[in-house]
Structures are given as structure tokens and as C-alpha cells.
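**Student:** could you look at this predicted model? Sequence included:
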Amino acid sequence: MADLVNTFSWSFSAAEDFDLCRRKRFWAKYAMWGGWSPEATPLQKDAYRLGKMDNAWSVLGRAVEDAVMWALRRHQAGVSVTVDEAYEHGARPHLIRAWTESRKKLFLQNPKKHICLREHYYQDWPPGRENEIMEAVKAQARTCISHFMETVLPRLAKVSPVQEIRVAVIGSGGDPESFDFNGMKIYAIPDYVYREGDRLHIHDWKAGKAKESHAAQLKLYGLWAQVKHGFNPGQVDIFIEYLAEGTVRQLALTESDLDSIKTRIADSVTEMADYLVDGDIARNRPLPQEDWDLTLDYRCCRLCNFLELCRKDPDYHPDTA
């Protein structure tokens, strides 16, 4: 089998990490590479393990996604389901797995296979409040499922599986959904996509609060739709489903939107290339660790998976984080 190659790639989350903290991008893309191998260095193994960590709210998002897709599939099969059933069959198994595996520290044996919650690893739970937070996560999952059943499912009631466009998700085996743009791999992973006549509908489930950055992120899906599936911006409808609030934000794409996304990618890639040997994204060889700047806002370190590694750097100032 040929060796895996760490090729240059871009995504909104990678760009946000890079903008927030250059060092975080170094840990997540370069230091971790090969960390799954028994021959890896301790730093590679640590960066790989830490990069695999989840947190309570990202686990919530995955659980809600599982539940709403379970409910949708049952509906397509002509079976009526309740919120309780969708929670029990779709969300609860993932929540139980996450807390159980994380508490037992099974990730230390296999970080790719087992879930580790950042709150457990860094002992971030407020004293005596872990169970309270767990209950809050469960309650929000039920709320999201309820809002999906009330406000989203009726709009998808007539969509059949044959209309759907398959999207490769993280953890399903193989590479997540992406497309090629100017010779680069661009990751874009919408939650649910289907055709209706000459139009493409893209839905993205959000289990948390609405953010203005969501609109820009989801407009990238318009470029994915054009490059990979041949849909022009005017043929694409994007729905940001805020399930915790029971609201939806619809985006109508324009050519100007796609131009802005292309500019965002180009500008970001240019900045990222400054941290590669000879600025060569084709070879994608990183500059030494010390050349990847630490963040200027140490408050963001409180939520960073790689805090353990940065604490070892003499230039890191824990008194400000």
C-alpha cells in the first residue's frame, strides 16, 4: 500500500483555526500527521490524539444529526415516529457512547475509534456540575428533535431518497466530501442535499446558537454545488436550520456570493502558504514549529484541544489564559 501523503487542503474550519491561531493549524494539519503509526514520534502521537477530541456540544450536534436523519428515513418508509422515539433511537446511543468512552479513557488505547470529551480530558467541568450539564445536553437534543419534527420534516415530507445527493461525512470511511478548485482540495460537507426539478436544496442542521459566520460558511456549499454538480447560483437554495430555536434562515445565492468565496479561499491560501517551505503548497512542507505564531488572544486557548502542547512552549504565557 502506498504511503499516505499530507496534501494541502482548505476548509472554512481550517481557515478559522489559522486566523485564530497559527500554531493551532500547525498542530492540527502537520504535527499530527503520521501520529496513528506505531513508529510515530511522541509529538506526532500527542497531536494526533488531541486533534481527535470532541466536546460536549459537538457531541450534541452529532447526536441531533443522527436523530433527525433517523426520523426522516422512518418518515420516508411511511412510518410515523415521535420525538421520544427519535431521541431514543437516534440521539441517545451517541450521547451514551460519548460519555462512557470518555469517562473510561478508552481513547488512550485508540483515539481514532473512541471518543474523548475535552471537558473530561482537561477537567473543565465545574465541580459537581457534570451531571447537570449532561442533562442540559439531553434536554437540548430533545428540543432540537422536536423543532425538526414540527418545522422541518413537513417541508421535506415529499422528498424521496432518489432525489437525494450523497454527501460523504466524517467517520463514514474514506475521505469526507470535497471538490477540486484551482488544483486544491476544498472540503465542504452539507448535512442534507436533494434535487427538485432544476433546483438544488441544501439543508444544514445547527444545534446551537445562530452566528453570522454561518452564512459565509454555507455559501461555500454553493461553490461545491456549481463545481461538483453543475448547478448555477440561482438554482441553489440553502437553508440554515436552527433547530434549538426552531427557526430557519434561507440564503439565495448570487454570482457575487461565489466570487466572494473564491476571493476568501485565494486570500486564505496565500496566507497559509507563507508558513510552508518556499511557499509551495504542492509539496506542503511546513516551516518549523516555532515559526507558527502563537495566538495573541490567549482566551481562545481555554477551548483549544492542543492546550497541552502549547503549555510546553517557553513563549506561552499561562497566566494570561
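**Tutor:** Nice, I can see it. Predicted, not measured: the structure shown is a model, and the values here were computed from it.
**Student:** what about the helices in the stretch 51-200 of the chain?
**Tutor:** 56-76, 83-86, 92-103, 118-121, 130-147 (DSSP state H, counting those that start in this stretch).
**Student:** show me where the stretch 201-321 of the chain has its helices.
**Tutor:** For the stretch 201-321 of the chain, helices defined by DSSP H, counting those that start in this stretch occupy the ranges 213-229, 255-273, 307-310.
**Student:** pLDDT on the shortest one, on average?
**Tutor:** Averaged over helix 307-310, pLDDT sits at 95.
**Student:** neighbouring contacts of it?
**Tutor:** Helix 307-310 has contacts (Cβ atoms under 8 Å, 6 or more residues apart in numbering) with 23, 27, 31, 43, 46-47, 50, 122, 294, 301, 304, 316, 321. All C-beta atoms are positioned from the backbone trio N, CA, C, and that covers glycine.
**Student:** count of neighbours near E135?
**Tutor:** 10 (other Cβ atoms under 10 Å).
**Student:** sorry, back to before: okay if I get the helices of the stretch 201-321 of the chain as TSV plus mean neighbour count and distance to W99?
**Tutor:** Shown next, in TSV, are those (neighbours: other Cβ atoms under 10 Å; distance: least, Cβ to Cβ, whole Å):
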stretch	mean neighbour count	distance to W99
helix 213-229	19	27
helix 255-273	15	36
helix 307-310	18	21
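**Student:** wait, which of the ones you listed is closest to K105?
**Tutor:** Checking these against K105 by Cβ to Cβ gives helix 307-310 as the closest, at 14.6 Å.
**Student:** how far does the closest one sit from the chain's center?
**Tutor:** Here the centre of helix 307-310 is set off from its chain's centre by 21 Å, with Cα atoms, centre = their mean, to the nearest Å.
**Student:** now do the strands in the stretch 101-250 of the chain.
**Tutor:** Secondary structure of the stretch 101-250 of the chain (DSSP state E, counting those that start in this stretch): strands located at 178-181, 184-187, 192-196, 199-206, 236-242, 247-252.
**Student:** may I have the last one exported as CSV, CA atoms only?
**Tutor:** So that's strand 247-252. These are the backbone C-alpha positions of strand 247-252, laid out as CSV (Å, rounded to 0.1, in the frame of the first residue of the first chain):
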residue,chain,number,x,y,z
THR,A,247,-36.1,28.9,13.1
VAL,A,248,-34.7,28.8,9.6
ARG,A,249,-32.6,31.2,7.6
GLN,A,250,-32.8,30.8,3.8
LEU,A,251,-30.0,32.0,1.6
ALA,A,252,-30.4,32.9,-2.1
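**Student:** check which helices and strands that strand is in contact with.
**Tutor:** Under the contact criterion of 3 or more Cβ pairs under 8 Å, 6 or more residues apart in numbering; DSSP states H and E, strand 247-252 touches helix 213-229, strand 236-242.
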